[in-house]
Each structure stands twice: as structure tokens, then as C-alpha cells.
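In: Output the structure for:
(one chain, ligands or ions: 1)
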Amino acid sequence: MKRYLIDDPTSFKNLRMEELDAPRPLRGQVLVRMRAASLNYRDLLIATGRYRLVEEVKQAFVPLSDGAGEVVENGVDAQKFKPGARVAITFVPGLVHGNVTRDRLGALRGFPTDGVLSEYQVFEEEDLVKLPDEISFEEGACLPCAGVTAWNSLFCGPQPLLPGQTVLTIGTGGVSVLALQLARAAGARVIITSSSDAKLERMRALGSWEGINYRTHPEWQEEVLRLTGGVGVDHAVESGGPGTLARSVASTRFGGSIGMIGVLVQGEINPIGIMHQGLAMRSVLTGSRAMLEDLVKAVANTGLHPVIDRTFPFAEAVSAYVCLQAAGHVGKIVITIG
Ligand SMILES: NC(=O)c1ccc[n+]([C@@H]2O[C@H](COP(=O)([O-])OP(=O)(O)OC[C@H]3O[C@@H](n4cnc5c(N)ncnc54)[C@H](OP(=O)(O)O)[C@@H]3O)[C@@H](O)[C@H]2O)c1
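Out: The predicted structure follows:
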């Protein structure tokens with residue numbers, strides 16, 4: 001079998017392919033033939049040595065956290081999935097319920113725990129979620145990080161999204177577009193921002209209520225307030241970062257909520273607006289297996305198909321990183337594995 005490794009995380013061009021025997025599952029583990037993997041912005045940060053949670057790379061690791069595949073073999077005591085079952089892999093190993101705990105931060109998939117850019121990989125049985133037939137491997141590979149993060153922000157906080165409410169989401173990358181799709185499926189209306197009018201057109205086709213180009217409207221919070229009759233949105237999926245947060249705060253109604261997700265845009269944070277507007281701010285760090293299971297159910301039952309901008313063959317993994325870095329994509333970039 002073939003897999004990719006990173007041992008020098010200074011450039012994704014250092015991705016190296018190696019050939020080795022397929023691993024065997026130990027007690028409680030499952031061998032999975034990987035069929036697809038998706039890229040997240042985090043993977044770019046990791047591969048280029050900019051991931052804050054990476055202190056020191058002690059050994060080579062298999063990159064990419066998000067994947068889907070087919071069960072090949074169960075280890076002793078692993079019996080939840082039959083060979084041939086289609087599964088997605090959870091982002092946070094061992095996190096079954098609730099939010100990420102401190103001890104798990106140091107063991108996230110894709111670094112430092114080995115990721116999924118491999119033809120075969122062994123996982124703990126508890127880290128797999130069954131994919132129904134309605135969801136392709138490529139679509140399933142979009143869900144563990146980007147999908148769960150959007151799901152957690154919208155539905156798992158103290159003020160879960162309700163039909164009829166309004167959501168703001170930032171940019172047209174993986175998390176934001178899945179948030180748009182999930183919010184629409186839940187009966188909410190969505191305002192989305194982007195650097196590009198062409199991308200906003202694509203978002204309209206996906207059901208966005210309004211789109212705002214943040215390049216031509218640098219004070220885009222004023223547009224959000226205008227569109228919402230001066231009230232603001234009920235929930236903001238803040239996948240931008242400190243540099244967009246002040247505008248998201250100004251865009252959110254009194255007593256509304258914000259899911260703090262992104263690190264894309266640097267800036268200063270002034271907490272006064274958060275207090276004056278009585279906002280519920282919550283950090284969203286992906287989520288649990290239970291959230292992925294609920295998300296998979298929702299995706300299958302609503303007929304939602306994660307937006308995949310481009311797929312690359314396994315042999316062209318580096319091109320997938322180049323494509324993500326160029327940021328011309330909408331939704332997700334996926335690598336098909338075998
Ligand atoms: N906390 C968590 O658990 C968690 C989980 C997943 C992701 N994240 C974070 O969420 C962010 C998005 O991740 P992703 O994987 O969805 O990224 P992505 O697919 O690479 O999408 C990034 C998009 O953000 C938009 N953007 C870039 N600069 C911007 C700016 N100055 N203002 C507004 N939008 C901007 C661009 O869309 P346009 O071209 O349309 O403007 C870009 O395509 C990243 O910071 C990532 O680290 C956090």
C-alpha cells in the first residue's frame with residue numbers, strides 16, 4: 001500500500017509518498033481501505049509549520065484529518081461494523097460525546113495522530129461512523145471537521161438555531177458553505193460574505209438569502225444591519241477570525257449567539273461590544289462522534305450534498321494543497337484514494 005508522510009512541515013511540497021505493507025488491526029481496532037480524504041485550512045497550516053497547536057514535530061506523520069472508506073478487517077473484539085461497511089473517520093480520536101477536552105487537543109487527527117492520506121489505515125472502532133448509501137465517500141470525507149464544526153456552531157450551543165432565524169457565515173470555504181447548507185436545511189435564512197461576486201452567485205444558487213462582497217463593502221456589518229432592518233442576525237458562524245469578529249459582533253442581534261471558529265484573519269478583539277449586545281459567545285472546536293452521527297443522519301435525510309469544488313487523484317495530493325492555498329475554491333477540496 002501507499003501513504004503520504006510529512007516529516008518536514010515547512011512546505012506541503014515536502015509531502016513524501018512511501019510504500020509499505022498494510023497494517024493489521026489490534027484488539028478493538030478496524031482496518032479501513034481509505035476511499036477519499038478532504039482538506040481543511042488546518043491541514044495547510046500544519047503542512048507549512050503555522051499550526052499553533054503544533055509545538056514540535058517529533059516524528060513523521062500521515063497528513064489530513066478527514067476521510068471516508070470501507071471496512072476491510074476487524075481486530076479482536078471489534079464487531080460494530082461488518083467488512084464492506086462504509087464509514088467516516090472522526091476528527092477527535094476517542095471523543096464520543098461533548099466538546100473537546102484539553103487532553104485531546106494534543107492528539108487530533110492529521111497531526112499529531114496519523115491522518116487519512118493513506119490507502120489503508122487502522123482506527124479504533126469507536127472512531128468510526130457508518131455512512132449511509134446516500135452519501136458518497138467524497139461527500140462523507142467532507143463531514144468530520146468542516147461539517148461537524150458547522151453543525152456544532154449552529155445546533156449544539158445554548159441557543160440552537162430555529163427555523164425562521166437568520167444566520168451570518170463568513171467566506172465561501174468548507175465550514176462556511178456547509179453552515180449555509182445546514183442552516184437552509186433547518187429552515188433558516190443565510191447571509192454569506194465573500195471576496196467574489198461570482199462565488200456569491202454560486203451561494204445564491206445554493207439558497208443564500210443575501211450575499212455581501214467584503215471587498216466592495218469593507219464595512220459589511222452595515223449591510224447586514226440594513227438587510228435585517230437594523231436588528232442583526234440570530235447566529236454568526238465566525239469562521240473568519242479576530243479580524244472579522246468585531247464586524248460579526250456588530251452584525252448580530254442583541255442576545256444572539258456567535259460560534260468562534262476561524263483563524264483566517266488576524267486582528268484585535270474588543271470585548272465591550274460582546275457585553276453591550278448581551279451575546280452568547282462560544283468557542284467551537286470541531287466536535288464529537290455523536291455530533292458526526294447526527295450530522296450524517298441529517299445529511300442523508302435532507303438530501304444535502306456537501307459542495308465539492310474539485311477532486312484530485314491520490315497521486316496528485318500536492319496539487320490539492322496548492323488549490324486550497326490559492327483560495328479560489330467554494331466548499332471543499334477532496335482527494336480520491338483508490
Ligand atoms: N475551530 C474549529 O474547530 C475549526 C474547524 C474547521 C475550521 N476552522 C477554521 O475555520 C476557518 C475556515 O476553515 P475552512 O477549512 O473552511 O477554510 P477554507 O475552505 O480554506 O476557506 C477559507 C475561505 O475564507 C474566506 N476568507 C479568506 N480570507 C478572508 C477574509 N479576510 N475575510 C473573510 N473571509 C475570508 C475565503 O472565501 P471567499 O473567497 O469567499 O472570501 C476563503 O476561501 C479557518 O480559520 C480554519 O482554521 C476551525
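In: and residue 313, how many neighbours?
Out: A count of nearby residues for residue 313, using other C-beta atoms under 10 Å, gives 12. For every residue, glycine as well, the C-beta is placed using N, CA and C.
In: what sits opposite it in the beta ladder?
Out: residue 336 (DSSP bridges).
In: so it touches residue 338, yeah?
Out: No: assessed by C-beta atoms under 8 Å, residue 313 is found out of contact with residue 338, at 9.5 Å.
In: For the chain, just list every one of the helices.
Out: 41-47, 102-105, 137-140, 148-155, 174-185, 197-206, 220-227, 242-251, 272-276, 289-302, 317-326 (DSSP state H).
In: Please report the distance of the residue in the chain that the ligand sits nearest to from residue 325.
Out: Among the residues of the chain, residue 173 lies nearest to the ligand; the distance is 1.7 Å by C-beta to the nearest ligand atom. Taking C-beta to C-beta, to the nearest Å as the measure, residue 173 falls 12 Å from residue 325.
In: More neighbours: which of those two?
Out: Between residue 173 and residue 325, residue 173 has the larger neighbour count (other C-beta under 10 Å), namely 25 against 14.
In: ok, that one - contacts?
Out: Listed by C-beta atoms under 8 Å, 6 or more residues apart in numbering, the contact set of residue 173 reads 41, 239, 327, 329, 330, 331.
In: and with 10 Å instead?
Out: 40-41, 146, 194, 199, 239, 262, 264, 309, 324, 327, 329-333 (C-beta atoms under 10 Å, 6 or more residues apart in numbering).
In: Also within reach of the ligand: list those from those.
Out: Among those, the residues lying close to the ligand (C-beta under 6 Å from any ligand atom) are 40, 41, 146, 194, 199, 239, 262, 264, 324, 327.
In: Go through this structure and flag its longest strand.
Out: Assignment by DSSP state E gives strand 29-39 as the longest strand of the chain.
In: What strands line up against it, and which way round?
Out: strand 66-74 (antiparallel), strand 120-124 (antiparallel), strand 332-336 (antiparallel).
In: ok, the ones next to the ligand among the contacts of residue 173 vs residue 253, which is closest?
Out: Using C-beta to C-beta, residue 239 comes nearest to residue 253 of those, at 19.3 Å.
In: Help me confirm that that closest one comes into contact with residue 261.
Out: Yes: between residue 239 and residue 261 there is a contact at 4.6 Å, judged by C-beta atoms under 10 Å.
In: how far does the helix or strand of the chain with the lowest mean pLDDT sit from the chain's center?
Out: Here the helix or strand of the chain ranked lowest by mean pLDDT, DSSP states H and E is helix 102-105, holding a mean of 89. Remark: helix 102-105 is offset 18 Å from the chain centroid, using C-alpha atoms, centre = their mean, to the nearest Å.
In: same deal with stretch 39-46?
Out: 10 Å.
In: Ok, stretch 244-254 next?
Out: The answer for stretch 244-254 is 22 Å, by C-alpha atoms, centre = their mean.
In: List the buried residues for it?
Out: 244, 245, 246, 247, 248, 249, 250, 251, 252, 253 (16 or more other C-beta atoms under 10 Å).
In: wait, the third one sits on residue 252?
Out: The reference is to residue 246. No: Residue 246 is beyond contact range of residue 252, at 11.1 Å (criterion: C-beta under 10 Å).
In: Identify the contacts common to those two.
Out: With C-beta under 10 Å, 6+ apart, residue 246 and residue 252 have common neighbours 221, 273, 274.
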